[in-house]
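[1] 3D, please:
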Amino acid sequence: MKVPTNIVRNEDVFLSNDEFVMYARLCFQYFRNFQEKEIQLDHKKLMQFLKISDTRTFKNRLKKLYKLELIENEINKLPTRGELTITFNDKVYGDDKMFTKLSAEIFTYFKNEQIDEYAFRQVFYYKSHINKDDKDINRDRSFCFVGYDTLVDRLKVSKTKIKEANEKLSKLKLIKIKKHKLETNDEYDENDELVFTRYNNHYYVHNSLF
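    This next block holds a predicted model:
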């Protein structure tokens, strides 16, 4: 499964974590639909998967995707019988040459409530900065070192939520975190005080999600 990296990182458009899970699921459905943009699905099953209990919330999230041109048809009414048709914007999806690929197994963890929408988005974000196929010998792309402040700014979530998501992902062994403590190179500032630097943690995504 792959999602455009700019959407994963909220670079050109903003999606909340809830909205991102919906879009990621539609990306998966688009792939399973042999990349046919007309996706027909049981909206009640999708609502259940997304843990949405009321149709108003479901339609509002679809309206957000429509507003951002991630889907092409505005959905104001849900069918009482039969399937819902969502027209996936394959042009927007295909225009971005940078994709973040992740195993569809991540949906199982979400469905089983082992992770929530925060952890779901966060592991995508970490993966978007990792490229094990990078042959540049001058840098190691098997991990990323995204800082808390970056995640707070991009995803519009609190540091507490980020910490909780990291704990869930670590417990499930979906990520490994190499923590960095304060370090010094024995240099002093203008006040003759020792200068300390704290480097961002290193995040490794488990191979099972590649």
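[2] quick one, domains of the chain?
    2-101, 131-210 (automatic domain parsing).
[3] mean confidence for the longest one?
    Going back to what we said before, that points to domain 2-101. In this model, domain 2-101 has a mean pLDDT of 96.
[4] what about that domain, start to end distance?
    4 Å (C-alpha to C-alpha, to the nearest Å).
[5] now do the longest helix belonging to the chain: distance to the chain's middle.
    Identified as the longest helix of the chain according to DSSP state H is helix 17-32. Distance, stretch centre to chain centre, for helix 17-32: 10 Å (C-alpha atoms, centre = their mean, to the nearest Å).
[6] go on, stretch 86-93?
    On C-alpha atoms, centre = their mean, the centre of stretch 86-93 falls 18 Å from that of its chain.
[7] buried ones in it?
    86, 88, 89, 92, 93 (16 or more other C-beta atoms under 10 Å). (Glycine included, C-beta is placed from N, CA and C.)
[8] in strands only, show me those residues.
    Among those, the subset assigned to strands under DSSP state E consists of residue 86.
[9] turn the buried residues of stretch 86-93 into JSON lines, columns for distance to residue 110.
    Putting these into JSON lines (distance: C-beta to C-beta, whole Å) gives the following:
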{"residue": "86", "distance to residue 110": "19"}
{"residue": "88", "distance to residue 110": "20"}
{"residue": "89", "distance to residue 110": "23"}
{"residue": "92", "distance to residue 110": "24"}
{"residue": "93", "distance to residue 110": "21"}
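[10] could you identify the most distant pair in the buried residues of stretch 86-93?
    86 and 92 (13.8 Å; C-beta to C-beta).
[11] ranges for the helices of the protein?
    Using DSSP H, the helices of the chain run over 5-8, 17-32, 43-50, 55-67, 90-95, 105-111, 117-128, 148-155, 159-171.
[12] closest one to residue 205 among those?
    Among the helices of the chain, helix 117-128 sits nearest to residue 205 (C-beta to C-beta), with 5.1 Å.
[13] OK, contacts around residue 115?
    106, 109, 123, 165, 168, 169, 172, 174 (C-beta atoms under 8 Å, 6 or more residues apart in numbering).
[14] list the contacts of the residue most central in space within the chain.
    By C-alpha atoms, centre = their mean, the chain has its centre lying nearest to residue 121, at 3.0 Å. By C-beta under 8 Å, 6+ apart, the residues touching residue 121 are 8, 17, 20, 21, 155.
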